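Peer 1: Next comes the sequence, and after it the predicted model I'd like to discuss.
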Amino acid sequence: MTRQIERLRPHQINEALQEASLIYLPLGTIEWHCHHLPVGLDALTAHGLCLRAAERTGGLVWPTLYYGTGGDHGDFPWTVMMPDATEIEALLTFTLRRLRDLGVKRVVLFSGHFADTQLEMIDRLASNWNLRNSQPKVVALSVNRALIPGQPPDHAGLFETTLLDGIAPGLSDINRLSSDPDTAHRLDPQSPLWGIVGTDPRQHAVMEPAELVERVVLWMKGSVQTAAK
């Protein structure tokens with residue numbers, strides 16, 4: 001049975017939550033990720049990782065929220081970024097209230113977009129919610145916090161490119177990047193790595209995509225289990 005809640009009927013949802021009363025809320029955004037990656041990368045990886053984690057921990061995955069906030073790419077092409085966290089936080093809080101009313105015991109906020117403002121939002125939301133409510137217990141996680149040795153998190157660099165290749169093979173196209181040297185400022189549209197923050201994705205991957213995904217999923221599983229104690 002799928003873990004995607006939007007594809008389930010009510011009795012299937014009830015059966016899954018009896019096994020583990022846990023909902024993953026994946027968060028992403030629509031954001032420029034240079035020429036070789038889709039603009040929905042943050043959301044696509046968040047959703048894919050949550051589905052894989054739910055297979056290990058039980059629980060279901062909510063549809064991804066494709067609105068984020070923070071970062072330096074707000075004015076880049078095909079980027080729609082909320083100017084602050086107000087609306088997103090209100091939407092997530094309302095969702096938590098409904099999940100509380102429906103008897104859900106645990107929720108994981110998992111962000112594939114890890115600008116500082118976004119991370120501050122999920123941490124603040126989880127902390128405030130847990131102080132005022134006994135249920136569901138909320139855990140805030142983000143993909144950059146997995147801290148995989150040899151694979152530092154980046155924006156549109158080697159880490160995110162490899163991760164997407166493990167989640168959705170065929171969506172990246174490294175051939176869209178020229179072989180020009182990385183000498184121009186990366187905020188310059190003439191740079192071959194325009195908008196990339198971190199390791200040049202044209203480098204040879206230090207880890208197979210499937211292995212990187214597996215390591216992040218294991219970290220998610222461990223974090224969820226630790227929070228449940």
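Peer 2: Nice, I can see it. Numbering: from 1, shown residues only.
Peer 1: CA only for contacts and neighbour counts going forward, please
Peer 2: OK.
Peer 1: As a check, name the ranges of all helices in this structure.
Peer 2: For the chain, the helices defined by DSSP state H cover 10-19, 41-57, 86-101, 116-132, 158-167, 209-227.
Peer 1: could I get these as TSV with mean neighbour count, distance to T2 and mean pLDDT?
Peer 2: Listed next are these as TSV, based on neighbours: other Cα atoms under 10 Å; distance: least, Cα to Cα, whole Å; pLDDT from 0 to 100:
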stretch	mean neighbour count	distance to T2	mean pLDDT
helix 10-19	14	10	97
helix 41-57	23	9	98
helix 86-101	15	19	98
helix 116-132	16	26	97
helix 158-167	24	16	97
helix 209-227	17	17	96
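Peer 1: Rebuild the ones you listed as JSON lines, extending it with distance to V80.
Peer 2: Output for those, formatted as JSON lines (distance: least, Cα to Cα, whole Å):
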{"stretch": "helix 10-19", "distance to V80": "32"}
{"stretch": "helix 41-57", "distance to V80": "13"}
{"stretch": "helix 86-101", "distance to V80": "13"}
{"stretch": "helix 116-132", "distance to V80": "14"}
{"stretch": "helix 158-167", "distance to V80": "19"}
{"stretch": "helix 209-227", "distance to V80": "27"}
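Peer 1: Quick one: closest of these to R176.
Peer 2: helix 158-167 (12.8 Å; Cα to Cα).
Peer 1: Would you mind measuring from H35 to G28?
Peer 2: With distances taken as Cα to Cα, to the nearest Å, H35 is found 19 Å from G28.
Peer 1: Let me fix that, I meant to ask about K137.
Peer 2: Taking Cα to Cα, one finds K137 at 21 Å from G28.
Peer 1: more crowded one of these two?
Peer 2: The neighbour count for K137 versus G28, taken as other Cα atoms under 10 Å, is higher for G28 (25 against 21).
Peer 1: what's the pLDDT at the more buried one?
Peer 2: pLDDT, G28: 97.
Peer 1: what sits against it?
Peer 2: 40-44, 46, 64-68, 111-113 (Cα atoms under 8 Å, 6 or more residues apart in numbering).
Peer 1: excluding its backbone neighbours, what's nearest it?
Peer 2: A43 (3.7 Å; Cα to Cα, 6 or more residues apart in numbering).
Peer 1: The one you found is in contact with P63, isn't it?
Peer 2: No. Using Cα atoms under 8 Å, A43 is not in contact with P63, being 9.8 Å away.
Peer 1: Now do the shared contacts for those two.
Peer 2: Shared contacts of A43 and P63, counting by Cα under 8 Å, 6+ apart, come down to P26.
Peer 1: Roughly how far does the residue most central in space within the chain sit from P10?
Peer 2: With distances taken as Cα atoms, centre = their mean, the residue of the chain nearest its centroid is G112 (2.0 Å). Counting by Cα to Cα, the gap between G112 and P10 amounts to 28 Å.
Peer 1: Which of the contacts of G28 sits closest to N175?
Peer 2: L41 (17.3 Å).
Peer 1: Leaving out sequence neighbours, find the closest residue to that closest one.
Peer 2: L164 (7.1 Å).
Peer 1: show me the contacts for that neighbour.
Peer 2: L164 sits in contact with 41, 44-45, 171-172, 209, where contact means Cα under 8 Å, 6+ apart.
Peer 1: and the nearest residue to H35 once chain neighbours are set aside, how far is that from P192?
Peer 2: Excluding the flanking residues, the one nearest H35 by Cα to Cα, 6+ apart is R176, at 5.8 Å. R176 sits 9 Å away from P192, taking Cα to Cα as the criterion.
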